[in-house]
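K.L.:
A predicted structure for the sequence below; I have some questions about it.
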Amino acid sequence: MKLYSRDRSYDDDAFVKFFDRRGARDIIIMDNHGVPLRSTSSQRRTIFLVGNLKPLLNMARNVVRDLDPSNDITFMRIRSNIGEVHMTLGTDFILIVLQRFRKSQIKAAV
């Protein structure tokens, strides 16, 4: 599996700029099979994140389907003390956005 490293072309990408203004740390787009198509982080970090978050997303999807077989998960948000992970499931892709809190948000939460 070959990932494309981040180059300068991503810096001017409108998609990346949109999330960067909102405090996004990493953005990963992958297909439904878990193969990263595009990422703003390093190859090593992308593989680490996909390897840990894809099984979690599959487990959450199975829980939702066990509760109601007619439902499917479309969005999942995981919040911790230092940041959030947002995962969106499309029909052909999965979008993962990692967001780190600003210092003012951490102080307000405590």
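P.N.:
Yep, that arrived.

K.L.:
doesn't residue 73 fall inside a helix?
P.N.:
No. Applying DSSP: H, G, I helix; E, B strand; the rest coil, one finds residue 73 to be coil, outside a helix.

K.L.:
what about residue 41, distance to residue 30?
P.N.:
Computed as Cβ to Cβ, to the nearest Å, the residue 41 to residue 30 distance reads 12 Å. The C-beta positions use only the backbone N, C-alpha and C, and glycine is treated the same way.

K.L.:
and for residue 84?
P.N.:
Going from residue 84 to residue 30 by Cβ to Cβ gives 19 Å.

K.L.:
more neighbours, those two?
P.N.:
Between residue 84 and residue 30, counting by other Cβ atoms under 10 Å, residue 30 is the more crowded of the two (20 against 16).

K.L.:
that one against residue 53, yeah?
P.N.:
No. Assessed by Cβ atoms under 8 Å, residue 30 is found out of contact with residue 53, at 9.6 Å.

K.L.:
next, show the common contact partners of those two.
P.N.:
In terms of Cβ atoms under 8 Å, 6 or more residues apart in numbering, residue 30 and residue 53 are both contacted by the residues residue 96.

K.L.:
which SSE is the residue nearest to residue 38 when sequence neighbours are not counted in?
P.N.:
Take residue 38 and drop its neighbours on the chain: the residue closest to it by Cβ to Cβ, 6 or more residues apart in numbering is residue 29, 4.5 Å away. Assessed by DSSP states H and E, residue 29 sits inside strand 24-31.
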